[in-house]
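[1] Based on what follows, work out the 3D shape:
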Amino acid sequence: MYIQKLNFSDNRDEKLGDCLLYFDYFNSRLKILKYNVLSNDLTDEILRYAKRENLGKVIINCREEDLDVLKKAGFVVEGVINGFFRGKDAQCVSFFIDKERAQAKREEEKDKILKMCMDKLPISQPEELKEGYQLIDCGEKEIPQMIEIFKDIFKTYPSPVFDANYLKKMIKEKMLFKAVLKNGKIISIASADMDKENLNAEITDCATYPEYRGQGLLTNLIYSLENDLRKKGYYTLYSLSRAINPGINILLRKQGHHYKGRLINNCNICGGFEDMNIWVKNIIN
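    Residues are numbered from 1 along each chain as shown. The predicted structure follows:
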């Protein structure tokens, strides 16, 4: 499987007609971020762009009415995010330029994890944090500790969370980070990446130091994020979780998220490309 040897600093946005594209070299993919109408010619041109840049995958969350054009071009549906477009569903559609990248690995193990989530887990509310723990909204002063926990937990990560300037920009513009502190130190963290136009949010950047796992810290963080987003009028939460990691999949299922598909070799996380399970929860009042 071909992996681009480029950094986040090489990534860029580019307009093509009325489409906004994101060249994501670190994850070897081209993301179609925004569009008005997808024609056959435009779709073909987008694929030429991706092939020219040696990117392994093209991804888009598209409206239902645009599926036929994408399927004719060779895209495949990998999942759905219900309510993504202000209550209307988005189809998660991909084109694999690198055919090896379309091949999932350890499928049986991942399917066992998913079956366990679906068969045995009741929906539950988070327990109160232990005495001495504090849940906070993160601001700029927390950035050094945020970087520290991300570096300790993730060998590689799909977004530049090891970069202070990136985190400062995200906190200011579009992301809500929450953390649990013990003795003033961040021991667990999660975020909501807010799409203010479409009123959906991705729950992401979930990390807990190993010695503090199993105490419901992420459960409390995600529950708090959900409550804040519900108050803001958001329709949908979704999360892309590592399919090989039981913990995060179990957590999301317990909090009422529904499994909606699997993105094959979707991003570069923990040292290589991994499959990501799609979990979705409608939160509109």
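[2] wait, L225 sits on I203?
    Yes. Assessed by Cβ atoms under 8 Å, L225 is found in contact with I203 at 6.3 Å. C-betas here are computed from N, CA, C, even on glycine.
[3] More neighbours: the two, which one.
    A direct count of neighbours by other Cβ atoms under 10 Å for L225 and I203 places I203 higher, at 26 against 21.
[4] wait, that one sits on S241?
    No. Using Cβ under 8 Å, I203 makes no contact with S241, being 9.0 Å away.
[5] Spatially nearest residue to W279 (excluding sequence neighbours)?
    In this structure, W279 finds its nearest non-sequential neighbour in H257, 3.9 Å apart by Cβ to Cβ, 6 or more residues apart in numbering.
[6] give me every residue that touches that neighbour.
    H257 makes contact with 237-239, 279-281 under the criterion Cβ atoms under 8 Å, 6 or more residues apart in numbering.
[7] measure it to F177 for me?
    20 Å (Cβ to Cβ, to the nearest Å).
[8] ditto for E100
    Relative to F177, and taking Cβ to Cβ, E100 is found at 35 Å.
[9] Quick check: phi and psi at the residue positioned nearest the centre of the chain.
    Nearest to the mean C-alpha position of the chain, by Cα atoms, centre = their mean, lies L240 at 4.2 Å. Main-chain dihedrals, L240, degrees, to the nearest 10: phi -110, psi 110.
[10] ok, back up a step: between L225 and I203, what contacts are shared?
    By Cβ under 8 Å, 6+ apart, L225 and I203 have these common neighbours: 190-192, 237.
[11] Okay, and which of those map to strands?
    If you go by DSSP state E, the shared contacts of L225 and I203 have 190-192, 237 in strands.
[12] Can I get the buried part of the residues you listed as one PyMOL selection?
    Of these, the buried ones can be selected in PyMOL as follows, counting by 16 or more other Cβ atoms under 10 Å:
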select buried, resi 190+191+192+237
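[13] so what's F85 bridging to?
    K88 (DSSP bridges).
[14] residues touching it, list them.
    Neighbours of F85 in contact, by Cβ under 8 Å, 6+ apart: 63, 198, 200.
[15] same check, this time on G233
    199, 284.
[16] how about 7 Å then?
    L199 (Cβ atoms under 7 Å, 6 or more residues apart in numbering).
[17] any idea which helix or strand carries it?
    Assigned by DSSP states H and E, G233 belongs to no helix or strand.
[18] Check it and give its pLDDT.
    pLDDT, G233: 96.
[19] From G87, how far off is it?
    11 Å.
[20] Do a quick rundown of the strands in this structure.
    Using DSSP E, strands in the chain cover 12-16, 19-24, 29-34, 57-62, 76-85, 88-96, 133-137, 175-182, 185-195, 200-208, 236-242, 258-269, 272-282.
[21] returning to what we had before: so the residue nearest to the centre of the chain makes contact with D275?
    No. The pair L240 and D275 fails to qualify as a contact (Cβ atoms under 7 Å) at a distance of 9.7 Å.
[22] Which neighbours do the two have in common?
    In contact with both L240 and D275: 263, 266, using Cβ under 7 Å, 6+ apart.
[23] shaky segments in the stretch 51-200 of the chain?
    120-121 (pLDDT under 70).
[24] Angles on the backbone of the residue in the chain sticking out farthest from the centre, please.
    Of all residues in the chain, E131 has its C-alpha farthest from the mean position, at 31.3 Å, by Cα atoms, centre = their mean. Here is the backbone geometry of E131 (degrees, to the nearest 10): phi -60, psi 140.
[25] where's the closest residue to I284 other than its chain neighbours relative to E100, distance?
    Among residues not flanking I284 along the chain, Y235 sits closest, at 4.7 Å (Cβ to Cβ, 6+ apart). Per Cβ to Cβ, Y235 is found 36 Å from E100.
[26] of the two, who's got more company?
    It is Y235, of Y235 and E100, that has more neighbours when counted by other Cβ under 10 Å, with 22 against 11.
[27] is it true that that one touches R86?
    Yes. Counting by Cβ under 7 Å, R86 is a contact partner of Y235 at 6.2 Å.
[28] residues contacting the residue nearest to the centre of the chain?
    263, 266, 276, 278.
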